[in-house]
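Trainee: this one's structure only:
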């Protein structure tokens with residue numbers, strides 16, 4: 001009887017540990033209210049999209065790049081300070097754009113990209129571009 005109680009206690013501890021592990025792996029994009037920001041970018045520059053939150057961290061859930069004209073690249077990065085100037089780190093590799101004859105390019109992706117605490121999200125663009133970037137994100 002004593003062994004059975006010990007075995008049941010051990011099993012219940014394992015189940016609690018599993019439930020906790022599953023909760024900690026939950027997608028923050030489905031657990032928190034989504035926020036959105038849209039910026040127009042018309043030159044080669046680094047543009048702040050999401051400022052570093054005062055508490056918590058950012059997770060990028062979706063992004064949309066609309067590129068109606070020009071030639072260049074656009075990447076997402078994170079960092080702290082003005083326009084991610086401190087510790088800038090690539091979050092999403094650069095997309096190359098070369099729009100001719102008015103054929104627009106649209107790049108949309110749904111994904112979960114966590115950003116370390118105290119960092120914001122920026123768009124890094126090169127070339128002679130005209131684009132609009134929309135980022136959906138959560139702060140948690």
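Mentor: That came through, no problem. Since this is a predicted model, take the numbers as computed values, not measurements. Numbering: from 1, shown residues only.
Trainee: what sits against the residue nearest to the spatial centre of the chain?
Mentor: When CA atoms, centre = their mean is applied to the chain, the residue found nearest the centroid is residue 60 (2.1 Å). Residue 60 makes contact with 50, 76, 91-92, 111-113, 115, 121, 135-137 under the criterion CB atoms under 8 Å, 6 or more residues apart in numbering. (Glycine included, C-beta is placed from N, CA and C.)
Trainee: By pLDDT, give me the weakest of these.
Mentor: Among those, residue 111 carries the weakest pLDDT, at 85.
Trainee: so what's that residue up against?
Mentor: Shown in contact with residue 111 (CB under 8 Å, 6+ apart): 60-62.
Trainee: Now do the buried residues in whichever strand or helix holds it.
Mentor: Using DSSP states H and E, residue 111 falls within strand 105-114. Using 16 or more other CB atoms under 10 Å as the test for burial, strand 105-114 gives residue 113.
Trainee: Please apply the same query to stretch 29-43.
Mentor: Neighbour-count burial for stretch 29-43 [16+ other CB under 10 Å]: 29, 41.
Trainee: Please state the offset of stretch 84-104 from the chain centre?
Mentor: 15 Å (CA atoms, centre = their mean, to the nearest Å).
Trainee: tally of neighbours for residue 121?
Mentor: Residue 121 has 26 neighbours, counted by other CB atoms under 10 Å.
Trainee: ok, the closest residue to it other than its chain neighbours to residue 132 distance?
Mentor: Excluding its sequence neighbours, the residue lying closest to residue 121 (CB to CB, 6 or more residues apart in numbering) is residue 50, at 4.1 Å. Using CB to CB, to the nearest Å, residue 50 is found at 16 Å from residue 132.
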